[in-house]
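In: Would you be able to build a 3D model of this:
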Amino acid sequence: MDDANTDVNRLKTMVREFCEAREWDEFHCPKNLAAGLVTEASELLQIFRFKNDEEVVEMMKDERYLTMIRDELSDVFYFVLRFAQKNNIDLSSSLKEKLRKNDIRYPVEKSKGSNRKYDEPPIF
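Out: Numbers count the residues shown, from 1 in each chain. Okay, here's the model as predicted:
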C-alpha cells in the first residue's frame, strides 16, 4: 500500500475498522478527536524543537529521526481521517474547496515568494 495506489476512503475504512474492533466510538466525539489531533501535531513539533535549519536538514537524512517523524505524522493523519470518518466529512471535496478559497485569498501575483498572511500589512 502506498500513496499512489490508495484512496482516502480506503484509509478512512481502515481507521474505522481499527477503532470499531477496540470499541472506541464512544470516546471519539469531535472535541476529543480535535484534542488528539493537536496533541499529535505537538508531538511532531517536539521533534524539531530548538533545532536550527541545518540540524533539521540533517535530521531529515537520519533514519532514526525519520522513523519518529513518520510515526508522529501518521498519528496526526490518523486523527484527521478519524475525525472526517466519524463526522461524514469528505476530505477530498473539503480540500478542493479550501484551495479554491485560498486561491482568492492568496492570489499568485500578491503571494508568490511571500510568507505574509493575506491580510497582514507590510512591515515596511
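In: Can you give me the neighbour number for Leu81?
Out: 21 (other CB atoms under 10 Å). To be clear about C-beta, it is placed using only N, CA and C from the backbone, and glycine gets the same treatment.
In: Quick check: it touching Arg10?
Out: No - the criterion here is CB atoms under 8 Å, and Leu81 misses it with Arg10 at 10.3 Å.
In: which residues sit against the helix or strand harbouring Phe77?
Out: Under the criterion of DSSP states H and E, Phe77 resides in helix 63-86. Here helix 63-86 makes contact (CB atoms under 8 Å, 6 or more residues apart in numbering) with 8, 11-13, 15-16, 19, 25, 28, 30, 33-34, 36-37, 40-41, 43-44, 47, 59-60, 89-91, 94.
In: Let's see it as PDB, backbone CA atoms only.
Out: What follows is helix 63-86, C-alpha atoms only, in PDB (Å, rounded to 0.1, in the frame of the first residue of the first chain):
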ATOM      1  CA  GLU A  63      16.600   7.100   9.700                       C
ATOM      2  CA  ARG A  64      16.100   7.300  13.400                       C
ATOM      3  CA  TYR A  65      14.600  10.800  13.200                       C
ATOM      4  CA  LEU A  66      12.700   9.800  10.000                       C
ATOM      5  CA  THR A  67      11.100   6.900  11.900                       C
ATOM      6  CA  MET A  68      10.000   9.300  14.700                       C
ATOM      7  CA  ILE A  69       8.700  11.900  12.200                       C
ATOM      8  CA  ARG A  70       6.800   9.300  10.200                       C
ATOM      9  CA  ASP A  71       5.200   7.900  13.400                       C
ATOM     10  CA  GLU A  72       4.000  11.300  14.600                       C
ATOM     11  CA  LEU A  73       2.900  12.400  11.200                       C
ATOM     12  CA  SER A  74       0.900   9.200  10.900                       C
ATOM     13  CA  ASP A  75      -0.700   9.800  14.300                       C
ATOM     14  CA  VAL A  76      -1.800  13.300  13.000                       C
ATOM     15  CA  PHE A  77      -3.100  11.700   9.800                       C
ATOM     16  CA  TYR A  78      -5.000   9.100  11.800                       C
ATOM     17  CA  PHE A  79      -6.800  11.700  13.800                       C
ATOM     18  CA  VAL A  80      -7.600  13.700  10.600                       C
ATOM     19  CA  LEU A  81      -9.000  10.600   9.000                       C
ATOM     20  CA  ARG A  82     -10.900   9.500  12.100                       C
ATOM     21  CA  PHE A  83     -12.400  13.000  12.600                       C
ATOM     22  CA  ALA A  84     -13.600  13.000   9.000                       C
ATOM     23  CA  GLN A  85     -14.900   9.400   9.100                       C
ATOM     24  CA  LYS A  86     -16.900  10.000  12.300                       C
END
